[in-house]
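Enquirer: coords below, sequence missing:
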Ligand code: ADP
Ligand code: ASP
Ligand code: MG
């Protein structure tokens, strides 16, 4: 892909585009950038809660809709916002053109509802930029090699944005959302959460994978691989946000932040003759289905395998396990994970001790614990998690002073 000069890529999330007035405000912001002399690509999400409403609509018609048709339906949301934004920009006297994911050359694999981007062939985007137009791209969607429309998983517009920034080697990649940046915890749940000036790719990937919905985890994975600095900021203010960047540019901290994931389920099988083999087979199936496992515990002595995965996929995985002959499954949809993330975690076992003590004071019992070099994740029952997260934030010394 030829590099566009002074190219800025801006992504606006659903709440930033929730009403016609907000779409006009976004149009003004985009035009301001264009007036500075930049080339501009804008990636949009669907307006407000449109995607949720489309999803509910599907469920009314069919409890288990075919995933291809779900993709046809859900991609309609971004088509509405992209065309409206293009119209609003034209009203301001600037030339704009909107493209679907397919028209923009976002090529994905064939995994409907959770496709991965495999190539970006954005020739039409490049042509229109060359003509001086502002190009608006529908986020969250692509096209598979067999010309089917796909979606990238909930929150996937961030991934469209970062993939385009990588493909064009953009000068700046900006994600505008409804909070001021990335915080030490979800600021809607933890009012004392602090905004981070910067966070490393590894830490952000871990936070996002463990539930921090501010960025789609796959967008962070692409940013890390292609060294794209991602600027996350509020679309409602001019305050500086957070930059997701390489580790060497960041002040060291033992703990960068905490997060929870309430949208997980656990599936457990006991009494297995060969749990190692069973887990290999299950992981093979998950890989084929494109479903990430959040946590896996295998105990050979107990003949036990426990897997934590996104709740929306547990039906599919349970039936796959059934087809592998793994029966007597215990499914729990009332679980959650709590994760602590930070580059200094591996060197400080006392942090794990403090986390467990804090959760216990909040009345939570760990069902399973796992650690990576930079994170600690605890599986627990879902009730009381929000309160526990607030206490944990405070106990780990992360609260802002005010
Ligand atoms: P958008 O529609 O702009 O993509 P999202 O709802 O997907 O917005 O992401 C923004 C939300 O992410 C915030 O409203 C906030 O509640 C949530 N969030 C979760 N964890 C964090 C965090 N650590 N920092 C900032 N926001 C977070
Ligand atoms: N509109 C899609 C969703 O709600 C994609 C996104 O917002 O990033 O998941
Ligand atoms: Mg989002």
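Expert: Cool, the structure landed. None of these values were measured; they are calculated from a predicted model. Ligands and ions are numbered 1, 2, ... in the order given.
Enquirer: need the contact list for the residue located most distally from the centre of the chain.
Expert: Farthest-out residue of the chain from its mean C-alpha position, per C-alpha atoms, centre = their mean: residue 273, at 37.0 Å. For residue 273, the contact set (C-beta atoms under 8 Å, 6 or more residues apart in numbering) comprises residue 303. Any C-beta I mention is one placed from the backbone N, CA and C, and that applies to glycine too.
Enquirer: Do you know the pLDDT at it?
Expert: Residue 273 is assigned 88 on the pLDDT scale.
Enquirer: Quick check: it is in a strand.
Expert: No - secondary structure assignment (DSSP: H, G, I helix; E, B strand; the rest coil) places residue 273 in coil, not in a strand.
Enquirer: Pass me the low-pLDDT residue ranges in the stretch 251-400 of the chain, would you?
Expert: For the stretch 251-400 of the chain, applying pLDDT under 70 flags no range at all.
Enquirer: which residue ranges form the strands in it?
Expert: For the stretch 251-400 of the chain, applying DSSP state E, counting those that start in this stretch gives strands covering 257-261, 264-269, 295-299, 304-310, 329-332, 335-341, 368-372, 375-381.
Enquirer: Could you report the distance from the closest residue to residue 363 other than its chain neighbours to residue 395?
Expert: Excluding the flanking residues, the one nearest residue 363 by C-beta to C-beta, 6 or more residues apart in numbering is residue 384, at 5.7 Å. Counting by C-beta to C-beta, to the nearest Å, the separation of residue 384 from residue 395 is 15 Å.
Enquirer: ok, longest helix in the protein?
Expert: helix 67-91 (DSSP state H).
Enquirer: Just list what the next helix or strand after it packs against, helices and strands only.
Expert: Sequence order places strand 96-99 as the next helix or strand after helix 67-91, per DSSP states H and E. Helices and strands touching strand 96-99, by 3 or more C-beta pairs under 8 Å, 6 or more residues apart in numbering; DSSP states H and E, are helix 67-91, helix 123-130, strand 134-138.
Enquirer: Is any residue of the first one near ligand 2?
Expert: Yes - for a cut-off given as C-beta under 6 Å from any ligand atom, helix 67-91 has contacts with ligand 2, namely residue 77.
Enquirer: For that helix, what is the distance to the chain centroid?
Expert: The chain centre lies 20 Å from the centre of helix 67-91; the measure is C-alpha atoms, centre = their mean, to the nearest Å.
Enquirer: Also stretch 246-266?
Expert: On the basis of C-alpha atoms, centre = their mean, stretch 246-266 sits 13 Å off its chain's mean C-alpha point.
Enquirer: Likewise for stretch 302-319?
Expert: Offset of stretch 302-319 from its chain centre (C-alpha atoms, centre = their mean): 21 Å.
Enquirer: buried residues in stretch 280-296?
Expert: Using 16 or more other C-beta atoms under 10 Å as the test for burial, stretch 280-296 gives 281-282, 285-286, 290-291, 293-296.
Enquirer: Likewise for stretch 124-140?
Expert: So stretch 124-140, judged by 16+ other C-beta under 10 Å, has buried residues 125-126, 128-129, 133-140.
Enquirer: Ok, stretch 324-340 next?
Expert: Residues of stretch 324-340 classed as buried: 326, 329, 332, 335-340 (neighbour count, 16+ other C-beta under 10 Å).
Enquirer: what do you get for stretch 79-90?
Expert: Neighbour counts using 16+ other C-beta under 10 Å place 79-82, 84-86, 88-89 of stretch 79-90 among the buried residues.
Enquirer: Can that stretch be said to contact ligand 1?
Expert: No - using C-beta under 6 Å from any ligand atom, we find that stretch 79-90 stays clear of ligand 1, coming within 11.1 Å at best.
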